[in-house]
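Trainee: the following comprises the amino acid sequence and a computationally predicted model.
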Amino acid sequence: MKRRAIVAVTILFLAIAWGRALWGASTARAGWNPPSGVLIAATEQTERGKGLFAMNCAKCHGDQGQGTADGPKIIGTPNRLANYMTAMGLFDFVSKEMPGDAPGSLMPQVYWDVLAFILESNKALPPDTILGPENAANIRLTP
């Protein structure tokens, strides 16, 4: 029961955050783009990603992404992120293969949030960017 409550709260939180992000994107297309709203939403995404990383990734990749015997280093240099060329390439891999003990088991927004945290930690996420399918192909991952 406790796990269901945690899952329900997580889903609700992600739905609210995703809705806020979409609202910000739709208002930007309408010509009204409050910079502070984008900054807040981008910061919220990376903060969510940090918590989700701790819950789903740290057991193999280390609490700081430093790598362990069970998973490679993904935060800091050197790392293997550039092998995926773009954030979309990385998403395609991670969303099918991770977590290692339950591949593809997370919701897409969880993967986007975790990747936003990882990319931001590696200084590979452009400032004030809310990572998602609409911009991931344009975010190049360089060594």
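Mentor: Alright, I've got the coordinates.

Trainee: can you list contacts of stretch 48-63?
Mentor: Residues outside stretch 48-63 that contact it (C-beta atoms under 8 Å, 6 or more residues apart in numbering): 13-14, 17, 65, 67-68, 70-75, 98-100, 106, 110, 113-118, 120. For every residue, glycine as well, the C-beta is placed using N, CA and C.

Trainee: how far away is Cys60 from Glu134?
Mentor: Applying C-beta to C-beta, to the nearest Å, the value for Cys60 to Glu134 is 29 Å.

Trainee: for Lys73, which non-adjacent residue is spatially closest?
Mentor: Counting by C-beta to C-beta, 6 or more residues apart in numbering, Lys73 lies nearest to Gly67, which is 3.4 Å off, once chain neighbours are set aside.

Trainee: ok, that neighbour touching Pro78?
Mentor: No. Using C-beta atoms under 8 Å, Gly67 is not in contact with Pro78, being 10.4 Å away.

Trainee: who's more crowded, those two?
Mentor: Between Gly67 and Pro78, counted using other C-beta atoms under 10 Å, Gly67 has the larger neighbour count: 17 against 9.

Trainee: now do the contacts for that one.
Mentor: Contacts of Gly67 by C-beta under 8 Å, 6+ apart are His61, Lys73, Ile74.

Trainee: show me the residues you listed that map onto strands.
Mentor: Per DSSP state E, strands hold no members of those.

Trainee: can you tell me the number of residues neighbouring Ala58?
Mentor: 15.

Trainee: run through the helices of the protein in chain order.
Mentor: Secondary structure of the chain (DSSP state H): helices located at 2-29, 35-56, 58-61, 87-97, 108-121.

Trainee: ok now the second one, how far from the chain's centre?
Mentor: Right, helix 35-56. Taking C-alpha atoms, centre = their mean, to the nearest Å, one finds helix 35-56 lying 8 Å from the centre of the chain it belongs to.

Trainee: pull out the buried residues from it.
Mentor: 37-38, 41-42, 44-46, 48-50, 52-53, 56 (16 or more other C-beta atoms under 10 Å).

Trainee: name the helix or strand of the chain that has the lowest mean pLDDT.
Mentor: Lowest on mean pLDDT, DSSP states H and E among the helices and strands of the chain sits helix 2-29, with a mean of 50.

Trainee: many thanks, have a good one.
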